[in-house]
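[1] Model the following, please.
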Amino acid sequence: MVKKSNWYGSAAYKIKVRGQLDQNWTDWFGEFNILTEGETTILTGVVKDQAELHGLLSRIRDLGLPLLFLERK
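    Next up is the predicted model:
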């Protein structure tokens, strides 16, 4: 039997990608804050579960933005 841990619930994430996203992308990324620093963008916010995280990462992939950093806080 697989023991369910706290990895399955809601958690805050910091995601850094190469490329610039402005505030016009806020609707597409839900409640995530968007901060542009030079040639990179940092997304910070909370996802309710792993399925939502995978959806967020799929949006990043669909935009062709290289993933530089992902941190669960």
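
[2] show me the contacts for residue 69.
    For residue 69, the contacting residues are 14, 15, 16, by CB atoms under 8 Å, 6 or more residues apart in numbering. Where you see a C-beta, it was placed from the backbone N, CA and C, and this is true even at glycine.

[3] and which of those residues is nearest residue 28?
    Nearest to residue 28, judged by CB to CB, of those is residue 15 at 13.6 Å.

[4] ok, the closest one - contacts?
    Counting by CB under 8 Å, 6+ apart, residue 15 makes contact with 42, 43, 44, 56, 57, 60, 67, 69, 70, 71.

[5] what residue ranges in this structure score low on pLDDT?
    1-7 (pLDDT under 70).

[6] Helices of the chain, residue ranges please.
    Along the chain, counting by DSSP state H, helices occupy 50-62.

[7] Return the subset of the contacts of residue 15 lying in strands.
    Using DSSP state E, the members of the contacts of residue 15 that fall within strands are 42, 43, 44, 67, 69, 70, 71.
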